[in-house]
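Student: sequence plus the predicted model coming up.
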Amino acid sequence: MADDRERPRMIATNQRVVHVYELGTTNYEDVHRLQRRLQAQRRDGAGVDSLLVTEHRPVLTLGRSHPEPSLRVGADVIANYGIKVHQTERGGDITYHGPGQLVAYGIIDLRAWECSLMDYVSGLEETAIGVLGDWGVRGERSARGRGVWARGKKIAALGINVRRWVTMHGIALNVDPDMSHFDLINPCGMADIEVTSLSHEIGKQVLVEAVTESFIFHFKRVFECGAETVDMTKRAVSGN
């Protein structure tokens, strides 16, 4: 488990409020466009701090420094699965998103929150660790890379983009996804790591809806913020 030096150092404030969009199951490209729009609005001072929570239909995403997908199979196999590949502007390497995985994207003005980028990243990890703890699973950090690990296996991947101190992208926590899809790639670009899920760790199925509630609770706790749920999911994704 991480020591106190690795934990986020938050400055308590009553001005932190995040608007939560629970988007349900989405296409990655729709939410990517939404993130970009919300980030641009927040940078221009017209938007609000937002947390987008979703499950994506199967997709592979690539980090900005790794445009060539690190695959264990041929690209034709990926295409036969019907899994699209998207280049992104986040940090990190290749990862898989799919149903049964909780993905949370924060559009946060770090300056307004008086939060450094490293504390924000550590805070996302701490949030996932708190969620796992609710189900009796010990989440840990690892010298092998950012994210969260359980029994030496990666259970949550993390990648961030920041422009003018406003974030986008975020963290993906494996709740109960199709784990065979991870066999198609070298997760995070590493051929020798194993991936696990919350359901696998506790030996029974866990619903993403239950984990979403836990994630929002721990996000509020870790970042010492309030939360307001936005009831406009379809309009938010489509931009209409």
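Tutor: Arrived safely.

Student: all contacts plus neighbour counts: C-alpha atoms, from now on.
Tutor: Fine.

Student: can you pull out the strands in the protein?
Tutor: 17-26, 50-56, 59-62, 84-87, 95-97, 101-107, 140-142, 145-150, 153-163, 166-174, 226-229 (DSSP state E).

Student: how far away is residue 117 from residue 189?
Tutor: Taking Cα to Cα, to the nearest Å as the measure, residue 117 falls 23 Å from residue 189.

Student: would you turn the strands of the chain into TSV with distance to residue 32 and mean pLDDT?
Tutor: Shown next, in TSV, are the strands of the chain (distance: least, Cα to Cα, whole Å; pLDDT from 0 to 100):
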stretch	distance to residue 32	mean pLDDT
strand 17-26	10	97
strand 50-56	11	98
strand 59-62	11	97
strand 84-87	10	95
strand 95-97	13	97
strand 101-107	10	98
strand 140-142	27	96
strand 145-150	20	96
strand 153-163	12	97
strand 166-174	8	98
strand 226-229	20	94
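
Student: what's the nearest residue to residue 15 if we skip its chain neighbours?
Tutor: residue 225 (7.5 Å; Cα to Cα, 6 or more residues apart in numbering).

Student: what's the burial count for the one you found?
Tutor: 16 (other Cα atoms under 10 Å).

Student: dump the residue contacts of residue 205.
Tutor: 176, 199 (Cα atoms under 8 Å, 6 or more residues apart in numbering).

Student: 824 is where my numbering starts, stick with that
Tutor: From this message on, residue numbering opens at 824, which makes the last subject residue 1028.

Student: figure out which of the strands of the chain is closest to residue 1031.
Tutor: When the strands of the chain are compared by Cα to Cα, strand 924-930 sits nearest residue 1031, at 6.3 Å.

Student: report back the residue of this protein that's furthest from centre.
Tutor: The centre of the chain is farthest from one residue, residue 899, which by Cα atoms, centre = their mean lies 27.3 Å away.

Student: now the residue nearest to residue 838, what are its backbone angles?
Tutor: Backbone torsions of residue 1048, given as degrees, to the nearest 10, read phi -130, psi 160.

Student: and residue 888, by the same measure?
Tutor: Phi and psi for residue 888, reported as degrees, to the nearest 10, are phi -90, psi 0.

Student: thought it was touching residue 916?
Tutor: Yes. Look at residue 888 against residue 916 with Cα atoms under 8 Å: they come within range, at 7.4 Å.

Student: ok, the two, which is more surrounded?
Tutor: Neighbour totals were compared for residue 888 and residue 916, and residue 916 leads with 24 against 13 (other Cα under 10 Å).

Student: what score does the more buried one have for pLDDT?
Tutor: You'll see residue 916 listed with a pLDDT of 94.

Student: and it, how far is that from residue 844?
Tutor: Counting by Cα to Cα, the gap from residue 916 to residue 844 is 26 Å.

Student: try residue 1006
Tutor: 31 Å.

Student: tell me, what residue is most central in the chain?
Tutor: residue 994 (1.7 Å).
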